[in-house]
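> I'd like to go over a predicted model; first the sequence, then the structure.
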Amino acid sequence: AARRGAYTPIAEIIEAAPVVVFTSSDCPYCDEAKAALHEAGVAFTEVAASDWQRAQLTKRTGSRTVPQVVAGGEFVGGCHDGGLGGTIPLLRMGLLQAMAERAAGERAKQKQAAHAAAG
């Protein structure tokens, strides 16, 4: 499954989770961003991005570095900057928590609608 995961398109991963943190191993900024999210009580899905996925991320966000944090489909940024301003600055302003909550609510509604349609 891990091998197949390396080829899961990033759009599919982002669609499936309210908050996604794309990381690589031995990445202190990745660890810092994840710790800040944990501390703020923001649930996230971590993806150790394969080279193939990192190429897709670069096309989508223009950034070659990790972490890359996405909330509700929007590129938040890295640990301190990029995207909408970066993970830690947006957490300090309370914006990332609000984005995560809104995205989680939207995912729940989509699941209910899909369940009702299937039922």
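That came through, no problem.

> all contacts plus neighbour counts: C-alpha atoms, from now on.
OK.

> other residues contacting the helix or strand where Pro89 lies?
Secondary-structure assignment from DSSP states H and E places Pro89 in helix 87-93. For helix 87-93, the surrounding residues in contact (C-alpha atoms under 8 Å, 6 or more residues apart in numbering) are 33, 36-37, 40, 69, 76-81, 84, 96-97.

> now with 10 Å, please.
Contacts to helix 87-93, defined as C-alpha atoms under 10 Å, 6 or more residues apart in numbering, come from residues 21, 32-37, 39-40, 42, 67-71, 75-81, 84, 94-99.

> among those residues, which ones are buried?
With burial judged by 16 or more other C-alpha atoms under 10 Å, the buried subset of these is 21, 32-34, 36-37, 42, 67-71, 75-80, 96-97, 99.

> so which of these sit within helices?
Glu32, Ala33, Lys34, Ala36, Leu37, Leu96, Gln97, Met99 (DSSP state H).

> Leu96 versus the fifth one, what's the distance?
Leu37 sits 9 Å away from Leu96 when distances are taken as C-alpha to C-alpha, to the nearest Å.

> got it, and Leu90?
5 Å.

> need the overlap of contacts for these two.
By C-alpha under 10 Å, 6+ apart, Leu90 and Leu96 have these common neighbours: Val76, Leu84.

> so where's the protein uncertain?
1-4 (pLDDT under 70).

> so who does the residue nearest the centre of it touch?
What sits nearest the mean C-alpha location of the chain, by C-alpha atoms, centre = their mean, is Val20, with 1.9 Å. Going by C-alpha under 10 Å, 6+ apart, Val20 touches 10, 13-14, 43-47, 67-73, 75-76, 100.
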